[in-house]
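Curious how this folds, go ahead:
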Amino acid sequence: MAYYGVHIETWVDIIFLSKEHRMCCLSFFLIPAAGLSFFFCAWLTMIFWGIIAPDFGIATISYTKAMLITIALWLVVAPLAAAVAKGRGWKH
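Next up is the predicted model:
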């Protein structure tokens, strides 16, 4: 299999590729993983909200509300995390 001009026999060969080629290969798997982690985080939000809601006397939320809360938190936290990483001099 040829991938961006590099011949790959097995997935083990990805380890020995240059950093640019590895990132190209990994991005293929990272995008679906982010989607799956979003739905998992929304599910966890719904579960934990249901656990603590009776203690505070508030109503539980549905899965769609949990998805809304999760995407709102992701949209706030991601730029903050990027700003912190850039401020500390970390390189991507």
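
Mind giving me the packing neighbours of the longest helix along the chain?
With DSSP state H applied, the helix covering the greatest number of residues in the chain is identified as helix 19-56. Here helix 19-56 touches strand 2-3, helix 63-87, going by 3 or more C-beta pairs under 8 Å, 6 or more residues apart in numbering; DSSP states H and E. Any C-beta I mention is one placed from the backbone N, CA and C, and that applies to glycine too.

Mean neighbour count added to these, as a markdown table?
Compiled in a markdown table, the helices and strands packed on helix 19-56 are given as follows (neighbours: other C-beta atoms under 10 Å):
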| stretch | mean neighbour count |
| --- | --- |
| strand 2-3 | 10 |
| helix 63-87 | 12 |
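
Tell me which of those approaches Phe40 most closely.
Phe40 sits nearest to helix 63-87 of all the helices and strands packed on helix 19-56, at 9.5 Å, using C-beta to C-beta.

any idea of the mean pLDDT for the closest one?
For helix 63-87, mean pLDDT rounds to 89.

Report the angle between it and helix 19-56.
130 degrees (axes from the mean of the first three to the mean of the last three C-alpha atoms, to 10 degrees).

Kindly export stretch 39-53 (C-alpha atoms) in CSV.
Taking C-alpha atoms only, stretch 39-53 is exported to CSV below (Å, rounded to 0.1, in the frame of the first residue of the first chain):
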residue,chain,number,x,y,z
PHE,A,39,-20.9,11.1,22.4
PHE,A,40,-19.3,9.3,25.3
CYS,A,41,-18.7,12.6,27.1
ALA,A,42,-22.3,13.6,26.5
TRP,A,43,-23.5,10.3,27.9
LEU,A,44,-21.3,10.8,31.0
THR,A,45,-22.7,14.3,31.5
MET,A,46,-26.2,12.9,31.4
ILE,A,47,-25.3,10.2,33.9
PHE,A,48,-23.5,12.4,36.4
TRP,A,49,-26.2,15.1,36.1
GLY,A,50,-28.8,12.5,37.0
ILE,A,51,-26.7,11.5,40.0
ILE,A,52,-26.3,15.0,41.5
ALA,A,53,-29.6,16.6,40.3
